[in-house]
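1. Mind looking at a prediction? Sequence and model below.
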Amino acid sequence: MNRPFHRQPPSAMPQTSPPNEADSAGPARLPDALLEAAGDIVVVLDTAARVTTISEKGLAFLGRSRQTVLGHDFFELALAPADRPQAREGFQEILAGQDGPHRTLADHDLVTAAAGPRRVRWDITPLPGPDGTVIAVLGCGRDISRTQPDAAGLDWVCSEFTALLDHSPVVPLTLAGAPPYGVLTIGSSAQTVTGHPPEAFLKDPGLLGRNMPAEDWARLDRGLERLAVGGRFDARFQLRGGDARTRWLSASFHRMGDPDNGSHLAGILHDVSAIEAARGHLRETEADYRAIFNAASDAIFIQDAATGAILDANARATALYGYTRDELHQLPAARLSPDYPPYTMSDVLGRLKLAVHGQPQLFEWLARDKGGRLFWVEINLRAMDSGRSGRVIAVVRDISERKMAERALRESEKKFRQLAEAIGEVFWLGSPDWKRIFYISPAYERLWGRTTKSLYESPMSWLDVVHPEDRDAVLAFISGLAGKPLTPGVFPEYRLLRPDGEIRWIQARIFPVVDENGIVYRVAGIAEDITDQVRTRTERERLNERLEDMVRERTRTLNRMNQELIREVAERREAEAAMAVAKEAAEAASQAKSEFLATMSHEIRTPMNGILGMAQVLGNTPLDEFQQGYLGDIEQSASALLSLINDILDFSKIEADRLELAREPFVLRDLSALIETSLGVLAREKGLGLSVDVAPDVPEVVIGDADRLRQVLVNLVGNAIKFTARGGVVLGLRPGNPVPADVAAAGTAVELVFSVSDTGIGIQPKDAQRIFEAFTQVDGSYTRRFGGTGLGLTISRRLIGLMGGTITLDSEPGLGSVFTFTAVFGQDRPQAEASPPPAVD
């Protein structure tokens, strides 16, 4: 987030010759040892933004010599063009004293000679002269271009950080996106940090402005207004609390959301009163020295090279180690390390001795704070005053997060390698120009027949194994990727001609890997062995071609047969006598069919019943467990075959209009009870409920064909049980509509309504009529799973039609079905003459 700055026009800048560094005076002149020991980029600008002092690290970062930097406009020399206008505006505000006598933060892109633009975070402090006016500006910058977290890590950090803020002295808050910037939300620590309870901010939008000095509020208002174009705004101001105590607060705000669609400002507040009080004292006594010393974001110690004693320490050092400055003065330096090899005091003294004799030391170290916590630091040791005073300045940077990130990266890489090495596909990671391979999984050796080492050494050597007939197509695909944005893509299928002579088919895919700026910096790929799929596809194509040839041959045969049929029809039209003979032959064939069906009814059913009878007799003899199982299979198969034969014979009789219904009296309730008793066993075996609901006004005795009615009910109830996994089945019976006089001419007649409802799989609306067609089921898988010929419902519908009724279906897939049919029965005999219901097979 950048702090906004206005840009001065070049014509308004004073034209002077570049001064020598030795000619610089006042606050712009800083101790050389302190400059060079600081871990940051340090630069001092005069009121015209010209460089008067710059550290060696600053020159090295920019890639320039001191002669090309001193006396030049720093903004034109080092800042990215997009950042210059904002930088100049802020610079003029600092010179005018609008930001007060404290430091501000800003992020800018610096243009380096070697690495291009790099992000630097600046800590900016105005340097006043004797009369209190700003005569120079000190900037301490740190390279943050490599410390930006990735998106997944940022999400996790944000969630963890939000939870931490609710229990910390930092107050998170959101403000309205426009004046008067009323508080929308605020953390629970507001009372401690600001002296006002959270409810006061939420109820009073003007609370901030009324309790701040006018100049602080004006500066905050300007900064918040600039957030309309984005960026971040950091400020410090005084706030009078509800306890009448004035506090110094540090604030950082940025805009969230689209400014045109109701965005708001998010920020944090932190009580920095103690820091401001200390800084005021330091400004009075050690303005120049303390400005750099305490402005540094790293811990700085001044130590005696001979004993390691701590002579001075900055605020960051006390915060990092948890000791006060006085405690550090009296503390043996050994207490700041765990004091076990290799982190011992003797090693520290050895490094201090080298540093004081002109050999700067830069090394990583395991440090220990006041509470005993161990953490990683990077230490930079340099001599002060060229070693004449025997003192060394130590700049200590906390690298715990970097170490944790490195460890997490190693663990992530380990997991990645374990995953990549476990999968059968070849996974690789390379540069976008195909000139480097960063990783290749071991599956490469199995599939390509070459070592992974050979690919690391020659990244394009994988092409040597590609079949010569396919190599040009692969190279053309790779060439087509050049000169345009890389997107996920799939290679054309190609063959490998392995060193052992085996041919394998490969399908490869590539994916771009982008950085936080959306720039592709890696290419990932997966190569899969599809030899089996190709063989299957080839065989399928061969079979399809064979089937097509068969269809073409059948078509030719049908055409020939059609021509022959046309010829035969013509001949039949010419010979009426022959047609009469054919008609008589057809009638004779129909008669033969009827006789055959009658014969089959006896000739097939009789032996099948004999088989069933003998199986039952055999079941009463001593049999072992396996024989009982075999006998059960025989009975089930014979019963299924007999049922199939009955269905086919019934269907044939119906088709030939030879099926006649009996007219005998029977008791309806007995038939319903028989259905419930006989099929209840099957329902209980599946854990289902089976119930019969007969309306009280249903007649006791009716005249009709009880066998055929039982056949319909058994079929419908049996199907309901078969296709229901849980729940139950209900058979319902109630009176229907009055029967017209012409239908009941032979005597008193009554219409009854039967319903069979279940909680089974249900039927799609498009299949509701198909299920009543002969030899038809909704899904062929049902036949394999549940059995059946597809004739049951067809026969049932025909029988219901013969009974003077109709059948309908109401079903919803997954919830169940309700089959409802009507039938007309006679009522002209006394109940005493009713016959018992037929038994259920």
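-> Cool, got the structure. Numbers count the residues shown, from 1 in each chain.

2. can you map out the strands along the stretch 201-350 of the chain?
-> Ranges of strands in the stretch 201-350 of the chain, per DSSP state E, counting those that start in this stretch, are 232-240, 246-256, 264-271, 299-304, 310-313.

3. quick one: strands adjacent to the fourth one?
-> Pointing back at strand 299-304 there. Using DSSP bridges, the strands paired with strand 299-304 are strand 310-313 (antiparallel), strand 391-398 (antiparallel).

4. From the rest of the structure, what touches it?
-> Here strand 299-304 makes contact (C-beta atoms under 8 Å, 6 or more residues apart in numbering) with 37-38, 293, 309-314, 316-317, 319-321, 328, 333, 352, 377, 384, 390-398. C-beta coordinates here come from the backbone N, C-alpha and C atoms, glycine included.

5. Just the buried ones from those residues?
-> Buried subset of those (neighbour count, 16 or more other C-beta atoms under 10 Å): 37-38, 293, 309-310, 312-314, 316-317, 320-321, 328, 333, 352, 377, 384, 391-398.

6. Just give me the neighbour total for Gln86.
-> Around Gln86 there are 21 other residues, counting by other C-beta atoms under 10 Å.

7. After the helix or strand where it lies, which helix or strand is next? Please name it.
-> Assessed by DSSP states H and E, Gln86 sits inside helix 84-95. Note on helix 84-95: by DSSP H and E, the next helix or strand toward the C-terminus is strand 104-112.

8. so for that following strand, what's the average pLDDT?
-> In this model, strand 104-112 has a mean pLDDT of 73.

9. Grab the CA positions of that strand and hand them over as PDB.
-> Only the C-alpha atoms of strand 104-112 are listed here, as PDB (Å, rounded to 0.1, in the frame of the first residue of the first chain):
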ATOM      1  CA  THR A 104       5.300   7.600   8.600                       C
ATOM      2  CA  LEU A 105       5.300   4.400   6.500                       C
ATOM      3  CA  ALA A 106       5.100   4.000   2.800                       C
ATOM      4  CA  ASP A 107       5.600   1.200   0.200                       C
ATOM      5  CA  HIS A 108       7.200   2.100  -3.200                       C
ATOM      6  CA  ASP A 109       8.800   0.300  -6.100                       C
ATOM      7  CA  LEU A 110      12.500   1.100  -6.600                       C
ATOM      8  CA  VAL A 111      14.100   0.700 -10.000                       C
ATOM      9  CA  THR A 112      17.300  -1.400  -9.600                       C
END
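
10. Packing partners of it?
-> helix 56-62, helix 84-95, strand 116-128, strand 232-240 (3 or more C-beta pairs under 8 Å, 6 or more residues apart in numbering; DSSP states H and E).

11. The second one relative to strand 116-128, how many degrees between them?
-> This means helix 84-95. If you take axes from the mean of the first three to the mean of the last three C-alpha atoms, to 10 degrees, helix 84-95 sits at 10 degrees to strand 116-128.

12. what does the last one give?
-> In terms of direction (the same axes, to 10 degrees), strand 232-240 departs from strand 116-128 by 30 degrees.

13. got the angle for strand 232-240 vs strand 104-112?
-> Interaxial angle, strand 232-240 versus strand 104-112 (the same axes, to 10 degrees): 160 degrees.

14. what packs against strand 232-240?
-> Applying 3+ C-beta pairs under 8 Å, 6+ apart, one finds that strand 232-240 contacts strand 104-112, helix 214-226, strand 246-256.

15. Those into JSON lines, with extra columns for distance to Leu475?
-> Listed next are those as JSON lines, based on distance: least, C-beta to C-beta, whole Å:
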{"stretch": "strand 104-112", "distance to Leu475": "38"}
{"stretch": "helix 214-226", "distance to Leu475": "54"}
{"stretch": "strand 246-256", "distance to Leu475": "49"}
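
16. can you tell me which of these the model trusts least?
-> Ranked by mean pLDDT, these end with strand 104-112 at the bottom, a mean of 73.

17. Please work out the average pLDDT along stretch 87-97.
-> Mean per-residue pLDDT for stretch 87-97: 83.

18. List the buried residues of it.
-> Ala87, Arg88, Glu89, Gly90, Phe91, Gln92, Glu93, Ile94, Leu95.

19. Distance to Ala706 for those - can I get that in a markdown table?
-> Formatted as a markdown table, the buried residues of stretch 87-97 follow (distance: C-beta to C-beta, whole Å):
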| residue | distance to Ala706 |
| --- | --- |
| Ala87 | 103 |
| Arg88 | 106 |
| Glu89 | 103 |
| Gly90 | 103 |
| Phe91 | 107 |
| Gln92 | 109 |
| Glu93 | 105 |
| Ile94 | 108 |
| Leu95 | 112 |
